[in-house]
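# compute the structure for the input listed below.
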Amino acid sequence: MVAAARSYLRETRLWNLQQVAVKGSAIKVELYGNVILDCDLQNVTTHLGDKPHPGNTRLKGNFGLAAHGAPAQYKNLEIKVLK
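Below is the predicted model of the structure:
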């Protein structure tokens, strides 16, 4: 629903360090300390195909990882509940 900033990934075959924080509908993603996404999904007003995204108003759910068609590997993955 919101594109992340580009040009922060390391070259292929090198690991990236990413931190994701989600609070309600607000999402902040940092890659090596660089903020590549900082948004509130409730403020998204444009949608692909002119149809609202079904997850646009959800405040809880699953956490998914995607590689957009390219093979991907993950290591040292932690998910913490922040209070």
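# please identify the buried residues of stretch 12-27?
By 16 or more other CB atoms under 10 Å, the buried positions in stretch 12-27 come out as 25, 27. (Glycine included, C-beta is placed from N, CA and C.)
# read off the pLDDT value for the residue most central in space within the chain.
The centroid of the chain falls nearest to Val29 when counting by CA atoms, centre = their mean (6.0 Å). Looking at Val29, its pLDDT reads 95.
# do the same with the one 4 residues further on
Taken from the predicted model, the pLDDT recorded for Gly33 is 91.
# list phi and psi for the residue of the chain positioned farthest from its centre.
Largest separation from the mean C-alpha position in the chain: Asp50, at 21.8 Å (CA atoms, centre = their mean). Torsion angles at Asp50 (phi, psi; degrees, to the nearest 10) stand at phi 60, psi 20.
# for Asn43, same thing?
Dihedral angles (degrees, to the nearest 10) for Asn43: phi -90, psi 0.
# how many residues are close by it?
10 (other CB atoms under 10 Å).
# so who does it touch?
For Asn43, the contact set (CB atoms under 8 Å, 6 or more residues apart in numbering) is empty.
# all numbers from here: first residue = 34
Sure, I'll start counting at 34 from here, so that last one is Asn76.
# picking that back up, so the residue nearest to the centre of the chain lies in a strand, does it not?
Yes. Assigned with DSSP: H, G, I helix; E, B strand; the rest coil, Val62 falls within a strand.
# for it, which non-adjacent residue is spatially closest?
Leu70 (4.0 Å; CB to CB, 6 or more residues apart in numbering).
# and that neighbour, how close does it get to Pro104?
23 Å (CB to CB, to the nearest Å).
# these two: which is more packed in?
Leu70 (14 against 5).
# so the more buried one touches Lys61, yeah?
Yes. Leu70 is within contact range of Lys61, at 6.8 Å (criterion: CB atoms under 8 Å).
# so what's the residue count around Cys72?
Residues lying near Cys72 (other CB under 10 Å) number 16.
# for the spatially closest residue to it that is not a sequence neighbour, helix, strand, or coil?
Counting by CB to CB, 6+ apart, Val35 is the residue found nearest to Cys72 once chain neighbours are left out, at 4.5 Å. Secondary structure, three-state DSSP: Val35 is coil.
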